[in-house]
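S.K.: I'd like to go over a predicted model; first the sequence, then the structure.
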Amino acid sequence: MHAAVIVFPGSNCDRDLAVAFERAGARVSMVWHKDTALPEGVDIIGVPGGFSFGDYLRCGAIAANSPICRSVVDHAERGGFVLGICNGFQVLTETGLLPGVLLRNANLKYICKPVDLRVETADSAFTQGYEAGSTITVPIAHHDGNYFADDETLKRLQGEARIAFRYCDNPNGSADDIAGVLSQNRRVLGMMPHPERMAEPLQGGTDGAAMFDSLVSQLADA
Amino acid sequence: MKARVHVMLKNGVLDPQGEAVRHALGQLGFDGVEGVRQGKVIELDLAETDADAAKARVTEMCEKLLANTVIESYSVEIA
């Protein structure tokens, strides 16, 4: 399985994400934001956390318009897999690949702590390694993670079982406690919490590892 | 020619920063502030000399980058 991790100026979880993919057995290529094409044969694109372009204008807005993002959108539109974490989730909403937007946290504070998430669906290559309804502990580290979408969109996400994760104890004001959402074809996942920071025992827990293990085994078969 | 873009959160979108400002004003003794909404002003210097063409172009910029129309509304002034 071949994963590409996009690197923007200001990305700071790109190497963590690469290590998490490698640990699960993937080959990883790092791709600079000014590149216009992805390496041959990429199965999944990781859009990492950080503060791309200093969060100027809106979080993820400048990154979403960078040269490589055209290829990311094309890859997703061809049915390719994309995982956006934290700032990566913000970038994916700005490209329109995922619905909604991440607003400033309701308490206006940057929040960095482990949180409990409920796995809402196991029906995706990202979440197949978890049991629906189970609870996992994964850290969050963001100032703008307050998920917002209009009522109609929220209803649709719920109806199509596209809410991948919910916060057990909502830390940031997110609508409907949403921590992560899937695209309609279930091949694009955006989430604010950081599974790549809970992927091996040294990090204090391994609840995030199942996501990478499941992706690697699913996409290796594809 | 200059253009000024105002970007505001749409009605119904919670504005935590505006709320914090409202709260701070109350603490300073400014009573009766019933709501605060915080937005952005973006000023552009354009080579374009035709006002209608400039407005159309800036509107396109708003749709593509300057505003996120999921949560924000915008207005364009040409001066």
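M.R.: Good, I have the coordinates. Residues are numbered from 1 along each chain as shown, chains lettered A, B, ... in the order given.

S.K.: helices of chain B, start to end?
M.R.: Assigned helices in chain B, in chain order: B:16-27, B:51-61 (criterion: DSSP state H).

S.K.: which outside residues touch stretch B:68-79?
M.R.: Residues outside stretch B:68-79 that contact it (Cβ atoms under 8 Å, 6 or more residues apart in numbering or on different chains) are A:58, A:61, A:93-94, A:99-101, A:103, A:148-150, B:1-10, B:13, B:51, B:54-55, B:58-59, B:62-63, B:66-67. Yep, even glycine has a C-beta here, placed from its N, CA and C like the rest.

S.K.: which parts of the longest helix along chain A are buried?
M.R.: The longest helix of chain A (DSSP H) is helix A:209-221. Judged by neighbour count (16 or more other Cβ atoms under 10 Å in any protein chain shown), helix A:209-221 contains these buried residues: A:Ala209, A:Ala210, A:Met211, A:Phe212, A:Asp213, A:Ser214, A:Leu215, A:Val216, A:Gln218, A:Leu219.

S.K.: any idea how many residues pack against the residue nearest to A:Ala220 when sequence neighbours are not counted?
M.R.: Using Cβ to Cβ, 6 or more residues apart in numbering or on different chains and skipping the chain neighbours, the partner closest in space to A:Ala220 is A:Met1 (4.8 Å). Counted with other Cβ atoms under 10 Å in any protein chain shown, residues neighbouring A:Met1 total 22.

S.K.: A:Lys113 is in contact with A:Asn172, correct?
M.R.: No. Taking Cβ atoms under 8 Å as the definition, A:Asn172 is not a contact partner of A:Lys113, at 11.1 Å.

S.K.: which one's more surrounded, those two?
M.R.: Comparing A:Asn172 with A:Lys113 by other Cβ under 10 Å, the one with more neighbours is A:Asn172, at 25 against 8.

S.K.: so of the contacts of stretch B:68-79, which ones are in strands?
M.R.: Counting by DSSP state E, these place A:Val101, A:Leu103, A:Phe148, B:Lys2, B:Ala3, B:Arg4, B:Val5, B:His6, B:Val7, B:Met8, B:Leu9 in strands.

S.K.: need the residues you listed in TSV with pLDDT, distance to A:Gln128 and neighbour count, can you?
M.R.: Converted to TSV, those look like this (pLDDT from 0 to 100; distance: Cβ to Cβ, whole Å; neighbours: other Cβ atoms under 10 Å in any protein chain shown):
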residue	pLDDT	distance to A:Gln128	neighbour count
A:Val101	97	28	22
A:Leu103	95	30	24
A:Phe148	97	28	21
B:Lys2	97	54	11
B:Ala3	98	50	21
B:Arg4	98	50	14
B:Val5	98	45	19
B:His6	98	46	15
B:Val7	98	40	19
B:Met8	97	42	18
B:Leu9	95	37	20
